[in-house]
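Undergrad: Turn this into a structure:
(2 chains)
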Number of protein chains: 2
Amino acid sequence: MASRTQSVTTAHEHSSLNSSTNETMPEKAEVHMHSRGPRRSKYRHVAAYHSQLRHSSLSRDADVTPSFLGFRNLMVLVLVAMNLRLIIENFMKYGVLICIKCHDYRKQDLVLGSILFALVPCHLVLAYVIELSAASSAKQVVGLQKKTAEEKERDQQAFRSTWPYTAFLHTVNATLCLAVTSFVVYFYIHHPGIGTLCQLHAIIVWLKNCSYAFTNRDLRLAFLNPSADPGLPEIYATCPYPRNVSIDNLTYFWLAPTLVYQPVYPRSGSIRWSFVAKRLAEFVGLSVFIWLLSAQYAAPVLRNSIDKIAVMDIASILERVMKLSTISLIIWLAGFFALFQALLNALAEVMRFGDREFYTDWWNSSSLGTYWRSWNRPVYLFMKRHVYSPLVGRGWSPLAASSMVFVLSAILHEMLVGIPTHNFIGVAFFGMVFQLPLIIFTAPLEKMRDPLGKTVGNCIFWVSFCLVGQPLGALLYFFAWQAKYGSVSRMSP
Amino acid sequence: MASRTQSVTTAHEHSSLNSSTNETMPEKAEVHMHSRGPRRSKYRHVAAYHSQLRHSSLSRDADVTPSFLGFRNLMVLVLVAMNLRLIIENFMKYGVLICIKCHDYRKQDLVLGSILFALVPCHLVLAYVIELSAASSAKQVVGLQKKTAEEKERDQQAFRSTWPYTAFLHTVNATLCLAVTSFVVYFYIHHPGIGTLCQLHAIIVWLKNCSYAFTNRDLRLAFLNPSADPGLPEIYATCPYPRNVSIDNLTYFWLAPTLVYQPVYPRSGSIRWSFVAKRLAEFVGLSVFIWLLSAQYAAPVLRNSIDKIAVMDIASILERVMKLSTISLIIWLAGFFALFQALLNALAEVMRFGDREFYTDWWNSSSLGTYWRSWNRPVYLFMKRHVYSPLVGRGWSPLAASSMVFVLSAILHEMLVGIPTHNFIGVAFFGMVFQLPLIIFTAPLEKMRDPLGKTVGNCIFWVSFCLVGQPLGALLYFFAWQAKYGSVSRMSP
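TA: Below is the predicted model of the structure:
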């Protein structure tokens, strides 16, 4: 130790002399670095790992913002993990709730349901008869070539006056179709599922009915004065009025996956049965999935929330709605895919129906307006063609016309939900009407050039529609049902 | 009605004559369409909305796959909703668990902790003294210019033989630094938090100690035979050996946010105090956030899982781990940001330390290897410079060398977790060692050209590390702690 300290002192004495050596050394090193370029030193512990100014990649002053793709994967994984946990929790709490025998439906429901399913299309046949008579008289008017111009004109006037009768008959026919079904479902079909199917079928046929009547009226008018350039679409040329008024043509419209009547549709080539099989398999699989989900996960949550709603415990209701939101969201997405992708595509393939655009990318919609235009094209096209554009044509403002559309669709929604659940509580109705302010509110967000605006709009859509609207509606109708029948609480453990 | 039926019959009679008219009409229409291009008909109900062949955007045969950006937003929203729900649930179940007074730590812990914090850096001073003596004797050898070459050579040989002594002293010094702290923390500091801080401080200083010794040894060897082109980094030129062996230089290394000693570091310009303030605010805010999270959410989950682990109910343990995973993940991410972004950047700014690359985008890493190279750069650089590359230099295979690195880091991890929690259960150790097979397993995924491989690798990283490894480790150490002291169960409601 003594020698060491001594050497220290000597070191201090010599440091002045050595300074020169110390200076020269690094220069030499530097020269070498330059001459041979930077390469590993034979001394492993001296490498300069901190050799330049660098910023943390999350700092503002970083040159490039890093990608965050990894966090997207993380989100998916966390979602999976969280829901897997809920599945385990649910299983530990309730065990297996799925049971086919327990599912109680009354024989009467099935019988009445099938009768309704058989009767409803008959109204289309009636509509056909009405159109046939109208068409024939129209042909009569046009047909009499020998007449003079003013005679022709008088005849046409006389014929136009017959439209009210045709309209009246169509209205009676269509209304009957809807009224009878609604009456039977509301008073005689207990099971909400069967009821919903019948109601849905009746509404679809009713819409097809209306479209058939309106379209044929305009085709007839165009037919009556060919001179006045009706500007009919090209593709109708292959089947002009009144030849389109045939039972085959109507049958095709009845079965085709559309609510908008056209004499002619774009048709695809041959039927790819493998495609049909795949789509049907998807549909069946998803239906089972949805059934399992609602039986095992949705039902308990709904049951547990009954008393919470009864005592209006806001925090608990919020908690229930949030718990329900995930399940109802999954059910909703699965249901959308099952219906609009799987079933309608299978049907379209079988019917060789060419236009398969049953939806566009509604999940990206950055405003409620875009959403309603894109998620359910068949209904949207019906409303646009037979409600919106005629009203605008009559000088209504776009806002008024679309308000009309939403009020109509609100009525149909309430019929579709309220009647099978035997509860006209108007939640579906006001839910739809409430879309109008939301649409007006989110419209500017969509127009923003800044992507943030679009993102905010998209989030508003998801929250308002899927995370709050759907589960809240389900909860309220379930509560109303349970308050009326209480059958569910008996089911609950 | 009679007239109607009659007109129908007449219509049928005339249909043959009219057929010509029917044919001519659509052609005319078609001509118009062609001449003027498609435009709205004056008849609103006839527009052909189905005018072309189109595919559903989710079908395989769709021309363009749509963007799914909307679903990303949905995922974020669902995550927020699910966790909001858990927050409400937690609150309804436990109320507010956060309470500052209840937090019990012993006066002894604080006293001992502060003593350790004061003592540990002294070992750096000792290291400095050791280096100073070595440097002086080295200068002595180099300094004696009058000697002949072989004399010089003999002296250098003589000097090299002194390295073992220096090494021995450094080892004793460094080991003492770590051993004393570990001993005190394990036997006398009850509170795991205070213990962890002391242990972390000791380990950091120990690493700095090692780096200082190794680097100076190589610098000294380079200094002893300048002729042999040591190839030292350019930036060292401004402070050559032995001038770098000064108390200022060491103090800077002690405080600088790095574990790799360099005589010279890249330095940033002036200190932006606003930057420092922001980073410190982030650090404090996040620390409070983490504390609240662990007190309100992590603690109950941990407590509830104790009996589950005791009876080894796998399903429940899985459920607990999953429930814990989200919380521990958030705590982990917040902790990472607080330490590596906020605190280290603040420190670097104060020290005008230029190289702020304390991490790179580890969240995108598609293999465990990349993760360990990128999430904690200071430690990675230390291991690379002072363990990996020297071993490889001695002819070890890269695999053997990195195994050595992970074994060493496993020991340090176990010391960091096992000692403050007074439980050497080896989970941290084997958790680290287990990284090696994972790294080997995920390495090929990263090299795949197909992005799917990278995504899979990234998911494996997230699951193994954040969703399983972290929470499971926390659970086991908590269980061990509770089994040893049981103090926590007394806290539980």
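Undergrad: Show residues contacting the strand or helix carrying residue A:482.
TA: Using DSSP states H and E, residue A:482 sits in helix A:470-485. When contacts are defined by CB atoms under 8 Å, 6 or more residues apart in numbering or on different chains, helix A:470-485 is touched by residues A:192, A:298, A:302, A:305-306, A:309, A:317, A:320-321, A:324-325, A:327-329, A:332, A:417, A:421-423, A:425, A:427-428, A:431, A:488-489. All C-beta atoms are positioned from the backbone trio N, CA, C, and that covers glycine.
Undergrad: For residue A:188, give me its contacts.
TA: A:108, A:112.
Undergrad: can you check residue A:178 too?
TA: A:202-203, A:206, A:415.
Undergrad: Show me the residues you listed that map onto helices.
TA: A:202-203, A:206, A:415 (DSSP state H).
Undergrad: Return the member of these nearest to chain B.
TA: residue A:206 (16.1 Å; CB to the nearest CB).
Undergrad: what's the closest non-adjacent residue to that closest one?
TA: Once flanking residues are discounted, residue A:206 sits nearest to residue A:178: 4.8 Å by CB to CB, 6 or more residues apart in numbering or on different chains.
Undergrad: what sits against residue A:417?
TA: A:196, A:427-428, A:473, A:477.
Undergrad: Kindly report the residues of the stretch 101-250 of chain A close to chain B.
TA: A:132-133, A:135-137, A:139-140, A:142-143, A:145, A:211, A:214-215, A:217-219, A:221-223, A:226, A:228-238, A:240-243 (CB under 8 Å from any CB of the partner chain).
Undergrad: Would you write a PyMOL line that selects the buried entries of those?
TA: In PyMOL syntax, the buried subset of these is picked out as below (16 or more other CB atoms under 10 Å in any protein chain shown):
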select buried, chain A and resi 132+133+135+136+137+139+140+142+143+211+214+215+217+218+219+221+222+223+226+229+230+231+232+233+234+235+236+237+240+241+242+243
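Undergrad: mind listing what the most centrally placed residue in chain A touches?
TA: Nearest residue to the geometric centre of chain A (CA atoms, centre = their mean): residue A:375, 3.8 Å. By CB under 8 Å, 6+ apart, residue A:375 lies in contact with A:336, A:340, A:359, A:362, A:365.
Undergrad: Let me know the helix or strand that the residue of the stretch 51-200 of chain A found nearest chain B is in.
TA: Relative to chain B, the nearest point of the stretch 51-200 of chain A is residue A:136 (2.4 Å; CB to the nearest CB). Element membership for residue A:136, per DSSP H and E: helix A:122-143.
Undergrad: Where does pLDDT dip in chain A?
TA: Across chain A, the ranges flagged by pLDDT under 70 are A:1-41, A:143-149, A:152, A:155-156, A:158, A:227-230, A:487-493.
Undergrad: what ranges do the helices span in the stretch 351-493 of chain A?
TA: A:368-374, A:377-383, A:389-393, A:398-418, A:427-433, A:435-447, A:451-462, A:470-485, A:487-491 (DSSP state H, counting those that start in this stretch).
Undergrad: which stretch among the ones you listed comes nearest residue B:449?
TA: Residue B:449 sits nearest to helix A:451-462 of all the helices of the stretch 351-493 of chain A, at 30.1 Å, using CB to CB.
Undergrad: Endpoints of stretch A:238-250, how far apart?
TA: 16 Å (CA to CA, to the nearest Å).
Undergrad: Tell me how far it lies from the chain's centre.
TA: 33 Å (CA atoms, centre = their mean, to the nearest Å).
Undergrad: still on that earlier bit, between the contacts of residue A:178, which has the most around it?
TA: The most crowded member of the contacts of residue A:178, judged by other CB atoms under 10 Å in any protein chain shown, is residue A:202 (26 neighbours).
Undergrad: re the thing from before, among the residues of the stretch 101-250 of chain A next to chain B, which ones are in helices?
TA: A:132-133, A:135-137, A:139-140, A:142-143, A:211, A:214-215, A:217-219, A:221-223.
Undergrad: my guess is residue A:469 meets residue A:431, correct?
TA: Yes. Between residue A:469 and residue A:431 a contact is recorded at 6.0 Å, counting by CB atoms under 8 Å.
Undergrad: Now do the helices in the stretch 201-350 of chain A.
TA: Under DSSP H, counting those that start in this stretch, the stretch 201-350 of chain A gives helices at A:247-255, A:273-293, A:299-310, A:314-336, A:344-351.
Undergrad: Residue A:464 is nearest to which of these?
TA: helix A:314-336 (11.7 Å).
Undergrad: could you give the angle of the closest one to helix A:299-310?
TA: Interaxial angle of helix A:314-336 relative to helix A:299-310 (axes from the mean of the first three to the mean of the last three CA atoms, to 10 degrees): 140 degrees.
Undergrad: how close does the closest residue to residue A:244 other than its chain neighbours sit to residue A:130?
TA: Nearest residue to residue A:244, sequence neighbours excluded (CB to CB, 6+ apart): residue A:263, at 3.5 Å. Per CB to CB, to the nearest Å, residue A:263 is found 17 Å from residue A:130.
Undergrad: These two: who's more crowded?
TA: Legend: neighbour count by other CB under 10 Å for residue A:263 and residue A:130, higher for residue A:263 (26 against 23).
Undergrad: Can you report phi and psi for that one?
TA: phi -60, psi -40 (degrees, to the nearest 10).
Undergrad: What of residue A:98?
TA: phi -70, psi 130.
Undergrad: so who does it touch?
TA: A:292, A:295-296.
Undergrad: of these, buried ones?
TA: Buried among these by 16+ other CB under 10 Å: A:295-296.
Undergrad: nearest to residue B:58, of the contacts of residue A:98?
TA: Looking across these and measuring by CB to CB, the closest to residue B:58 is residue A:292, at 22.7 Å.
Undergrad: Please report the distance of the closest one from chain B.
TA: 19 Å (CB to the nearest CB, to the nearest Å).
Undergrad: so what's that residue closest to, chain neighbours aside?
TA: Per CB to CB, 6+ apart, closest to residue A:292 is residue A:98, 5.9 Å.
Undergrad: these two touch, right, the residue nearest to residue A:244 and residue A:242?
TA: No. Contact criterion CB under 8 Å: residue A:263 and residue A:242 do not qualify, at 9.8 Å.
Undergrad: so what sits against both of the two?
TA: Counting by CB under 8 Å, 6+ apart, the residues touching both residue A:263 and residue A:242 are residue A:219.
Undergrad: and the two most separated of the contacts of residue A:178?
TA: Once CB to CB is applied, those give A:206 and A:415 as the farthest pair, at 9.8 Å.
Undergrad: May I see the ones in helices among the contacts of residue A:178 arranged in a markdown table, with distance to residue B:387 as well?
TA: Shown next, in a markdown table, are the ones in helices among the contacts of residue A:178 (distance: CB to CB, whole Å):
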| residue | distance to residue B:387 |
| --- | --- |
| A:202 | 77 |
| A:203 | 74 |
| A:206 | 78 |
| A:415 | 75 |
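Undergrad: From these, pick the one nearest residue B:464.
TA: Once CB to CB is applied, the member of the ones in helices among the contacts of residue A:178 that ends up nearest residue B:464 is residue A:203, at 52.0 Å.
Undergrad: residues in contact with that closest one?
TA: A:178, A:412, A:415-416.
Undergrad: Residue B:118: which of these is nearest?
TA: Looking across those and measuring by CB to CB, the closest to residue B:118 is residue A:416, at 75.9 Å.
Undergrad: Surely that closest one is in contact with residue A:200?
TA: Yes. Between residue A:416 and residue A:200 a contact is recorded at 6.3 Å, counting by CB under 8 Å.
Undergrad: who has more neighbours, these two?
TA: Shown here are residue A:416 and residue A:200; by other CB under 10 Å, residue A:416 has more neighbours (18 against 14).
Undergrad: Once you drop chain neighbours, what's closest to that one?
TA: That would be residue A:199: by CB to CB, 6+ apart, it lies 5.5 Å from residue A:416.
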